[in-house]
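[1] Sharing a model that was predicted from the sequence below.
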Amino acid sequence: MTHAARFVLIVCRVMSEKQPSRFFSLLLIVAVVAVCGCVLSTCPADPDLWGHVQYGRDVLHDWSIPATTTYSYSAPGYRWINHENIAEIVLAIGIDSIGPIGMKIAKSCLGILAIGLMIYISRRKQIPVVPLAVCCILAALNMSHFWILRPQLATLIGLTLLIGLLEYSFAGWQDRWHLKSSPTNSVELNQSRLYWLWLAVPLFFIWANSHGGFVAGVCIFCAVLFFRSLEIIVVQRRSGIRQVCGLGLIGVASVLATLINPYGPGLHAWLVESLGVPRPEISEWVPVELLSWKSAPALLLFGTTLCSLLFSRKEKDFTKIAILMLVTWQTIEHMRHLALLAILFGFWIPPHFASAVTRIAGFKPIQFIQEKSTTSALCKAAISAGLLFVILFYSQRMFVRWTDLRVHRNQYPVSALQFIADNEIEGKMVVTFDWAQYVIGAFGQPQTTAGGIQVGFDGRFRTCYPQEIVDMHFDFILGMDHPEWRWRSPNSPPFDPTRVLRFGEPDLVLISREEPHSVRVMSTQTDLWQLIYQDQLAQLWARRTWLGQRNSKIASIIGDQQQTGTVTWPAFPQNGKSTLTQVSQTSMSE
């Protein structure tokens, strides 16, 4: 037998072993924590992080929540329903107290705690450690892209706590859907644990004021309570009515808690309206690319879930399967739900995956070969040494990732913003979607009369911009070359890529050269606009009449200077709000 085949058999044997040695179990769990911690420590500079921190600072400074759009000239006085207030306040306090590095470490530690909770609950159910490790790593891989510093993290943390609470409270449940009552088929619950479900009420209050993803949490929570209540009625008949009423009261109180927000029911009405309208312009709201190698972790997650449920000998829980199917469907439709599915996977699938592995390992051909082979002490020592190497390697990588929160020059207009600061440029700016909140953080002023730079549109999207403004911006940035990337309101004016250059009479246009449609549009407007800055990544245009009104002249910089290297977040200009710290060398001379 080849060494590779023998190794596979050893792995199969270890994976199907229900009670490996304590040393091996502890070593493997530490290795899983190290791997997952490293995976979840990735933290690129999110395009909206600058804005979230600034909006949180504004609330702390004024001790009030703005009711209308700020930092924008295109929608003054338009209502702003900000569903991320608590998250933005926490981001602002964290950045100003422990800094971006401290926040990055805190974010990673929260990810480790989330994986740790999955491990703890599964080990309480006596799930074998090796299949559990596989499930946790797969869950972390699919969470990593979304586990970054932004308000959406509140939804991922909220769902983790919610599922952990449900697993603890219903710990006496038999993990099956009881359709008939029998002496051996009863609902066994620890009544004192059910009282812990009241913790969902404050959880949903905080969640509803931190991120709009609380809607998903409410749906999952209410679905679990409804089906559990139905099961109690089927099994216990009239004797279970009191228990059902208690669960119903908890569900109603949790829903009512979400109404305690600055907008009351208006937040829910806006969410229903907004979520009912497509947003193909935002990459996270597009369907999963099933044929792309980038979707490999998601496809592996789908496949593992399906195979685990098909081959598991454990009785299936109808409630959990129904929720998994619904979230899987939403994930295929909108890739941003992948992290939610990964969290449910990490809590609910390990028992079935372990059962499926045991069943496959029990096939007669494999069992016969295993009986003929032995796991030598040398093999066990090699596996232990490998796990120690994994722990050291991924721990070191995690610590390195904690050392800096970087902004890549080839993704963000660091040099263009330095040019703006050097020339003390102010005015109304049309800026490409992903850069707008960077500009707001560096030069923004809440009101249009306060100087600085106001933008025409930014990442707050429909929370504080009417759909007509959204359509106008993407008419300019994306055009209609790819209709599948667009959704336009029937109430918007006809498609006009130059309308954004007239609406509100902007003074400046900052665009990415990687968005060819906007570059083409500006090249046709040279009679009204002048290019004053260009590098490999960005172009900055100024209205000719605005240039004529300036008392000081601007020395234009037009070229194709490469934008390489990184700078430390927030990467503001040297004479801006923060000091620009160079992390790695760049080939461009300012």
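    Cool, the structure landed.
[2] per-residue confidence at Asn185?
    In this model, Asn185 is scored at 46, pLDDT.
[3] Please apply the same query to Gln582.
    35.
[4] Helices of the stretch 401-550 of the chain, residue ranges please.
    Here the stretch 401-550 of the chain has its helices, by DSSP state H, counting those that start in this stretch, at 414-422, 436-443, 467-477, 516-523, 544-549.
[5] Provide the secondary structure category for Val390.
    Put simply, Val390 is helix when judged by DSSP: H, G, I helix; E, B strand; the rest coil.
[6] what's the closest non-adjacent residue to it?
    Nearest residue to Val390, sequence neighbours excluded (C-beta to C-beta, 6 or more residues apart in numbering): Ala31, at 4.7 Å. For glycine as for every other residue, the C-beta is placed from the backbone atoms N, C-alpha and C.
[7] Please give the element, helix or strand, for the one you found.
    Per DSSP states H and E, Ala31 falls inside helix 22-39.
[8] roughly how far apart are the spatially most central residue of the chain and Leu197?
    By C-alpha atoms, centre = their mean, the mean C-alpha position of the chain lies nearest to Phe146, the distance being 2.9 Å. According to C-beta to C-beta, to the nearest Å, Phe146 and Leu197 sit 27 Å apart.
[9] So which helix or strand of the chain has the lowest pLDDT on average?
    Each helix and strand of the chain was given a mean pLDDT (mean pLDDT, DSSP states H and E); the minimum falls on helix 364-372 at a mean of 44.
[10] now the strands for this protein?
    Using DSSP state E, the strands of the chain run over 406-408, 427-431, 453-455, 508-512, 529-534, 538-543, 557-558, 566-568.
[11] so of those, which one's packed in deepest?
    For those, the largest average neighbour count (mean count of other C-beta atoms under 10 Å) is found in strand 453-455, namely a mean of 26.
[12] List the contacts of that one.
    Contact with strand 453-455 is made by 71-73, 420, 425-431, 436, 439-440, 443-445, 448, 508, as judged by C-beta atoms under 8 Å, 6 or more residues apart in numbering.
[13] tell me the mean pLDDT for that strand?
    Mean pLDDT, strand 453-455: 95.
[14] circling back: can you add distance to Ile260 and give the strands of the chain back as TSV?
    TSV is the format used below for the strands of the chain (distance: least, C-beta to C-beta, whole Å):
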stretch	distance to Ile260
strand 406-408	37
strand 427-431	36
strand 453-455	32
strand 508-512	40
strand 529-534	48
strand 538-543	43
strand 557-558	52
strand 566-568	38
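[15] Please name the residues that touch the nearest residue to Asn491 once chain neighbours are set aside.
    Nearest non-adjacent residue to Asn491, counting by C-beta to C-beta, 6+ apart: Glu468, 6.7 Å away. The contact partners of Glu468, by C-beta under 8 Å, 6+ apart, come to 489, 491-493.
[16] cool, and Leu290?
    299, 332.
[17] The one 4 residues further on now?
    If a contact means C-beta under 8 Å, 6+ apart, then Lys294 has no contacts.
[18] What of Gln534?
    When contacts are taken as C-beta under 8 Å, 6+ apart, Gln534 is in contact with 513, 540, 557-560.
[19] Of the residues you listed, which is the nearest to Ile163?
    Arg513 (44.4 Å; C-beta to C-beta).
[20] Let me see the domain layout of the chain.
    1-150+292-403, 192-277, 408-568 (automatic domain parsing).
[21] burial of Thr328, as a residue count?
    20 (other C-beta atoms under 10 Å).
[22] nope, Pro202 is what I was after
    By other C-beta under 10 Å, the burial measure for Pro202, its neighbour count, is 11.
[23] Check the one 3 residues further on too.
    Per other C-beta under 10 Å, the neighbour tally for Phe205 reads 19.
[24] Same question for Ser492.
    Neighbours of Ser492 under the rule other C-beta under 10 Å: 17.
[25] ok, it to Asp471 distance?
    Here the criterion is C-beta to C-beta. By it, Ser492 lies 4 Å from Asp471.
[26] now swap in Leu149 and tell me
    The gap separating Leu149 from Asp471 is 30 Å, by C-beta to C-beta.
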